[in-house]
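> coords below, sequence missing:
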């Protein structure tokens with residue numbers, strides 16, 4: 001005997017909407033996987049490039065991870081202490097200076113880690129600069145966490161919750177280049193650090209895509225079961 005399906009319109013609309021959503025999210029994750037593959041290849045290429053003076057690097061090639069040489073004057077009076085940094089189980093700060101470049105412009109340089117004092121009232125002693133005129137490091141761009149947090153401290157050195165150039169430029173009263181240069185470990189002014197490049201692998205995005213597609217398939221199967229399967233089970237033989 002033929003079974004005439006009685007389709008629940010609400011269930012149908014729910015299934016169509018969420019199936020479309022899951023499929024869209026699946027393809028978005030596949031696109032992210034392709035982007036991450038390109039990023040990883042680009043980062044590997046940049047790691048192998050020799051150091052080049054910043055003024056010789058075109059703006060569109062000032063990419064995250066590019067090794068650059070800076071020539072100018074490092075500011076020693078106005079020093080930022082990036083808050084909430086942990087290295088080898090010790091709590092402390094990262095030391096950030098501004099550097100006025102000979103070719104014009106000012107950039108932030110991150111030297112690395114110093115341990116915190118016994119209390120917030122006791123600021124750490126910032127190690128003296130071995131060379132105030134040159135620096136070598138890699139360009140670092142980020143989404144700049146904690147950029148919206150209040151700047152609760154004053155005086156110098158100054159504790160700050162972010163190294164966002166857009167925020168710190170206001171404290172220095174001058175424009176900063178839109179990235180930070182993290183000094184190489186071999187730089188005379190470098191301090192201890194543990195800067196790990198955390199990029200989600202493409203395989204992880206592909207795994208998420210499979211999950212979204214699987215959820216879409218499960219949803220369709222459930223719709224078919226509740227629309228046709230239960231009626232078939234209840235039909236007279």
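On my side now, so go ahead. Because the structure is a prediction, the values reported are computed rather than measured.
> all helices for the chain, in order.
Per DSSP state H, the chain carries helices over the ranges 9-47, 165-172, 202-224, 230-234.
> take these and write them to CSV, including mean pLDDT, mean neighbour count and distance to residue 127.
Any C-beta I mention is one placed from the backbone N, CA and C, and that applies to glycine too. Below are these laid out as CSV (pLDDT from 0 to 100; neighbours: other CB atoms under 10 Å; distance: least, CB to CB, whole Å):
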stretch, mean pLDDT, mean neighbour count, distance to residue 127
helix 9-47, 89, 14, 27
helix 165-172, 90, 16, 20
helix 202-224, 94, 15, 39
helix 230-234, 58, 10, 74
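> figure out which of these is closest to residue 96.
Residue 96 lies closest, by CB to CB, to one member of these: helix 165-172, at 7.7 Å.
> quick one: closest of the helices of the chain to residue 105.
Closest approach to residue 105 among these (CB to CB): helix 165-172, 11.0 Å.
> tell me what that closest one is packed against?
strand 67-87, strand 90-101, strand 106-115, strand 158-160 (3 or more CB pairs under 8 Å, 6 or more residues apart in numbering; DSSP states H and E).
> quick check: the residue nearest the centre of the chain vs residue 152, distance?
Nearest to the mean C-alpha position of the chain, by CA atoms, centre = their mean, lies residue 142 at 4.7 Å. Using CB to CB, to the nearest Å, residue 142 is found at 21 Å from residue 152.
> contacting residues around the residue nearest to residue 80 when sequence neighbours are not counted?
Among residues not flanking residue 80 along the chain, residue 96 sits closest, at 4.1 Å (CB to CB, 6 or more residues apart in numbering). Residues in contact with residue 96 (CB atoms under 8 Å, 6 or more residues apart in numbering) are 79-82, 108-111, 160, 163, 168, 180.
> 10 Å instead?
Contact partners of residue 96, counting by CB atoms under 10 Å, 6 or more residues apart in numbering, are 78-82, 108-112, 157-158, 160, 163, 168, 180, 182.
> of the residues you listed, grab the buried ones for ChimeraX.
In ChimeraX syntax, the buried subset of the contacts of residue 96 is picked out as below (16 or more other CB atoms under 10 Å):
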select :79,80,81,82,108,109,110,111,112,157,158,160,163,168,180,182
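> domains of the chain?
Segmentation of the chain into domains, based on automatic domain parsing, reads 9-38+201-231, 51-183.
> among the ones you listed, which is nearest residue 192?
In terms of CB to CB, the element of the domains of the chain nearest to residue 192 is domain 51-183, at 4.9 Å.
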